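1. Using only what follows, build the 3D model:
(one chain, ligands or ions: 2)
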Amino acid sequence: MVKIFTKNLTNKFPTKDITDDDLKYKLKLINSKIKRKININSKISINEKNLPIIAGPNGIENKKLLIKTARLLKKNKLNFIRAHAFKPLTFPYRSKQYDEAGLKGLEWVDDVKKDFKLIFVAEVTEIRFLDRMLKSIDILQIGSRNMQNLELLREVAKTKKPIILKRHYGASIRDFLGAAEHILVEGNNNLILCERGISSPHTHRSTSRFILDLQAICALKEITNFPVFSDPSHATFWNKWVSPMGFSSVAAGCDGLIIETHPNPKKSMVDPLQPLNFNEFSNFVRKVRKLSKFFGKKII
Ligand code: PEP
Ligand code: MN
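-> Ligands and ions are numbered 1, 2, ... in the order given. Here you go, the predicted model:
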């Protein structure tokens, strides 16, 4: 473990907002002004000129679903697929339908990667599966619920693989960046931050569990040069709002998007109100392609 001792760590004005002292002593790595480029493989990097769209279902479910999703992404000339082999749920009860694909799912990932050459993003939930995941997964996601699981952050950081760190829905920007700093301090600079909606007393409709904090995109980009992604799917929890909030995220300056898709959302293993169906997704991509061009970025 890297031990960092820094003087002047007492906060004169402890707050949920970020002070100059925080930037200088507690968030000094995330606050560095170096231009960031995250190399994913020999051909693809994430940088300020492009906008990755990472799409796919929540859970791997079955191999057929991965193949259908891979075809959809190829059709839209996209490179990043997401689907989780492991997924923490809010409630502990899983019906047969809710079961995780687990290690079997990672074998399907290997098959699909061989055929489609896509970059695979998936959530890592437990350190004991990390070694196996490293063989199949190109970008490791740390989900909202694990944002401050410091042992997990440290072990995942040590792998030096690209990481997507999602903001917990109750976390201030300060807490979020503090978690990010835990990754950087281990020497892993392949870090992507992701806003995915916060809890708020007012969520506008009962199907919307969270509110996408668009201002967080601006706030984060003021502080850091690491890429800031937006996930309008988990924020809105409501299919019809995903596209407008995706467009808004691009306008707010996000560096990438995470979009949940499913060929038949009603049959989705979890959160059936949320995924875009394949038609909706292709329409969304068509519009984001134009929009991102307007903002000087190219979707990949
Ligand atoms: C997800 O990415 O599928 C997910 C559930 O995200 P979060 O951890 O933000 O809820
Ligand atoms: Mn999900």
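
2. Tell me who's in contact with residue 172.
-> Residue 172 makes contact with 16-17, according to Cβ atoms under 8 Å, 6 or more residues apart in numbering. In this view, the C-beta of every residue, glycine as well, is placed from N, C-alpha and C.

3. same thing but at 10 Å, please
-> Shown in contact with residue 172 (Cβ atoms under 10 Å, 6 or more residues apart in numbering): 15-18, 178, 198, 216.

4. What about the residues you listed, which one has the most neighbours?
-> Greatest neighbour count in these, by other Cβ atoms under 10 Å, goes to residue 216: 24 neighbours.

5. Identify the residue spatially nearest to that residue, adjacent ones excluded.
-> The shortest distance from residue 216 to any non-neighbouring residue, by Cβ to Cβ, 6 or more residues apart in numbering, is to residue 195 (4.6 Å).

6. List the beta-bridge partners for that neighbour.
-> For residue 195, the beta-bridge partners under DSSP bridges are residue 230.

7. What about it, how many residues nearby?
-> Burial of residue 195 is recorded as 28 neighbouring residues (other Cβ under 10 Å).

8. Tell me if I'm right that it and residue 248 touch.
-> No - at 11.5 Å, residue 195 does not count as touching residue 248 under the criterion of Cβ atoms under 10 Å.

9. Help me see whether stretch 172-179 makes contact with ligand 1, please.
-> No - Stretch 172-179 is not in contact with ligand 1 by Cβ under 6 Å from any ligand atom; minimum separation 12.0 Å.

10. Give the buried residues for that stretch.
-> 172-174, 176-179 (16 or more other Cβ atoms under 10 Å).

11. Dump that stretch to CSV, keeping only the CA atoms.
-> Extracted C-alpha coordinates of stretch 172-179, given in CSV (Å, rounded to 0.1, in the frame of the first residue of the first chain):
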residue,chain,number,x,y,z
SER,A,172,-20.6,15.1,-2.9
ILE,A,173,-18.2,16.0,-5.6
ARG,A,174,-15.6,16.2,-2.9
ASP,A,175,-16.2,12.6,-1.7
PHE,A,176,-16.2,11.4,-5.3
LEU,A,177,-12.9,13.0,-6.1
GLY,A,178,-11.5,11.7,-2.8
ALA,A,179,-12.3,8.2,-4.0
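
12. For the closest residue to ligand 1 within the stretch 51-200 of the chain, grab the count of nearby residues.
-> Closest contact between the stretch 51-200 of the chain and ligand 1, by Cβ to the nearest ligand atom, is at residue 143 (3.0 Å). Burial measure for residue 143: 22 neighbouring residues, criterion other Cβ under 10 Å.
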